[in-house]
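Asks: got a structure for you, letters missing:
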Ligand SMILES: O=C(O)c1ccc[n+]([C@@H]2O[C@H](COP(=O)([O-])O)[C@@H](O)[C@H]2O)c1
Ligand SMILES: Cc1cc2nc[nH]c2cc1C
């Protein structure tokens, strides 16, 4: 499934980019005066291969999984909070539920590897696609086998395909997993050869002593795991989470179906980075929603040459920052479709 998805991702049409840029210049405004919104409109057109792209309704995919490395005491919250937040998503009470309702989004929560049983009513409200109940402890052994990482990627591809089949025209991809900033920072350090000072941050809010411990745990993991930066799937298996792998799949699956992909914070951006290493043609389909407070996000964004739309000092995850940026995508589409040209409005062009 992975190789056929990778093969289906197309390069954007440069002639279409030219046509949309021309159209933007004909609209009743000084050329370029809508700034980054104009570039966003072109990016959306290229993703969908449509001169008049449409991003509504959006689909929100929240992938949840647990991490064996939580046992090292690297988070401010206990592992059980992952399952408890899945119940909150199922009940509609989390921040992402609020924003999904606000935007009329189809929201799907996917249990790709939560540890422990979920109550039956929660199980009915989420997609159960557990590859295993939490990863192994990456400080001690590989978090996943390659097969498990590929199976989790397949879960993400299938979720993206369901969303597109249900009519979603853009995907907002989020995650929930206690200790996943440890996995993400480890992956980032391994793939970008970045220092642990730069990539490791407080996650859910640990103090300075625990932050030093978290760095030490990641240093031990990088020493112990044999990670080759030229083998993104191997790195993902050794260090990554099941939800991170599923997000990789969701981006690839969405791009193969030609929908723009809104990227969230640190964990989501590290997944996007892994996906781009697997398939560089993915990059034009990615739109970066926000700049997270988590310090490693800056490193991941720089590696992807990405400039996020918003900076609201968020550090929540679950797709919240991506969802908050969605109205800008909607506005960019509406400009292309609804704004009058100079000819239509009878306004003389600039001398
Ligand atoms: O998206 C981000 O940039 C982000 C930054 C810090 C924390 N989080 C969320 O917090 C959880 C991971 O934090 P931690 O401290 O348990 O590693 C996980 O559920 C993420 O969704 C998310
Ligand atoms: C309460 C809580 C909500 C979250 N949403 C995403 N990650 C989270 C982590 C915690 C701890």
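Replies: Received it, and whenever you're ready, just let me know what you need. Given the structure is predicted, the values throughout are model-derived calculations rather than measurements. Ligands and ions are numbered 1, 2, ... in the order given.
Asks: Quick check: residues of the protein near ligand 1?
Replies: 75-77, 175-182, 203-204, 264-267, 292, 294, 297, 315-318 (CB under 6 Å from any ligand atom). Using the backbone N, CA and C atoms, a C-beta is placed for each residue, glycine as well.
Asks: Give the buried subset of the residues you listed as a PyMOL selection command.
Replies: Of the residues of the chain next to ligand 1, the buried ones go into a single PyMOL selection, burial set by 16 or more other CB atoms under 10 Å:
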select buried, resi 75+77+175+176+177+178+179+180+181+182+203+204+264+265+266+267+292+294+297+315+316+317+318
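Asks: From the residues of the chain next to ligand 1, which land in helices?
Replies: Of the positions in the residues of the chain next to ligand 1, 180, 181, 182, 266, 267, 297 sit in helices, assigned by DSSP state H.
Asks: Widest-spaced pair of the residues you listed?
Replies: Comparing all pairs in those by CB to CB, the longest separation belongs to 182 and 297, at 14.7 Å.
Asks: give me the low-pLDDT residue ranges for this protein?
Replies: Low-confidence segments of the chain, defined by pLDDT under 70: 349-351.
Asks: Just the strands from it, written as ranges.
Replies: For the chain, the strands identified by DSSP state E occupy 58-65, 106-113, 127-128, 170-176, 261-263, 286-288, in order along the chain.
Asks: Let me know how buried residue 119 is, in neighbour terms.
Replies: Close neighbours of residue 119, defined as other CB atoms under 10 Å, add up to 12.
Asks: Report the contact partners of it.
Replies: When contacts are counted by CB atoms under 8 Å, 6 or more residues apart in numbering, residue 119 is found next to residue 87.
Asks: go on, residue 259?
Replies: Residue 259 is in contact with 47, 48, 160, 164, 168, 169, 170, 171, 285, counting by CB under 8 Å, 6+ apart.
Asks: Apart from its chain neighbours, what residue comes closest to residue 189?
Replies: Distances taken as CB to CB, 6 or more residues apart in numbering put residue 199 closest to residue 189, at 5.0 Å, once the chain neighbours are dropped.
Asks: just checking, the one you found touches residue 185?
Replies: Yes: applying CB atoms under 8 Å as the test, residue 199 and residue 185 come out as touching, 4.6 Å apart.
Asks: The two - which one has more neighbours?
Replies: With neighbours defined as other CB under 10 Å, residue 199 and residue 185 compare such that residue 185 has more, 31 against 27.
Asks: was I right about that one contacting residue 202?
Replies: No: in terms of CB under 8 Å, residue 185 does not count as a neighbour of residue 202; the distance is 10.9 Å.
Asks: Contacts only, for residue 40.
Replies: Contacts for residue 40 were tallied using CB under 8 Å, 6+ apart; they are 287, 309, 328, 329, 332.
Asks: Closest one to ligand 1 out of those residues, please.
Replies: Out of the contacts of residue 40, the one with the shortest distance to ligand 1 is residue 309. That distance is 14.9 Å, counting by CB to the nearest ligand atom.
Asks: Correct me if wrong: that closest one contacts residue 288.
Replies: Yes: shown here, residue 309 and residue 288 form a contact pair, counting by CB under 8 Å, at 6.7 Å.
Asks: Can you pick out the residue with more neighbours from these two?
Replies: Higher neighbour count among residue 309 and residue 288: residue 288, with 25 against 21, using other CB under 10 Å.
Asks: And that one, how far from residue 269?
Replies: Between residue 288 and residue 269 the computed distance is 7 Å (CB to CB, to the nearest Å).
Asks: so what sits against both of these two?
Replies: The contact sets of residue 288 and residue 269 overlap at 263, 301, 304, 306 (CB under 8 Å, 6+ apart).
Asks: out of those, which is most surrounded?
Replies: Ranked by neighbours (other CB under 10 Å), the shared contacts of residue 288 and residue 269 are led by residue 263, which has 31 neighbours.
Asks: Could you measure from it over to residue 308?
Replies: Taking CB to CB as the measure, residue 263 and residue 308 are separated by 8 Å.
Asks: Which neighbours do the two have in common?
Replies: Applying CB under 8 Å, 6+ apart, one finds that residue 263 and residue 308 are jointly contacted by 288, 289.
Asks: For ligand 1, what's the nearest residue on the stretch 1-150 of the chain?
Replies: Of all residues in the stretch 1-150 of the chain, residue 75 sits closest to ligand 1, with a separation of 3.2 Å (CB to the nearest ligand atom).
Asks: ok, now which ones touch that residue?
Replies: The neighbours of residue 75, taking CB under 8 Å, 6+ apart as the test, are 178, 179, 181, 182, 203, 204, 206.
Asks: and the stretch 201-350 of the chain, which of its residues are near ligand 2?
Replies: Residues of the stretch 201-350 of the chain that fall close to ligand 2, judged by CB under 6 Å from any ligand atom: 204, 316, 317, 318.
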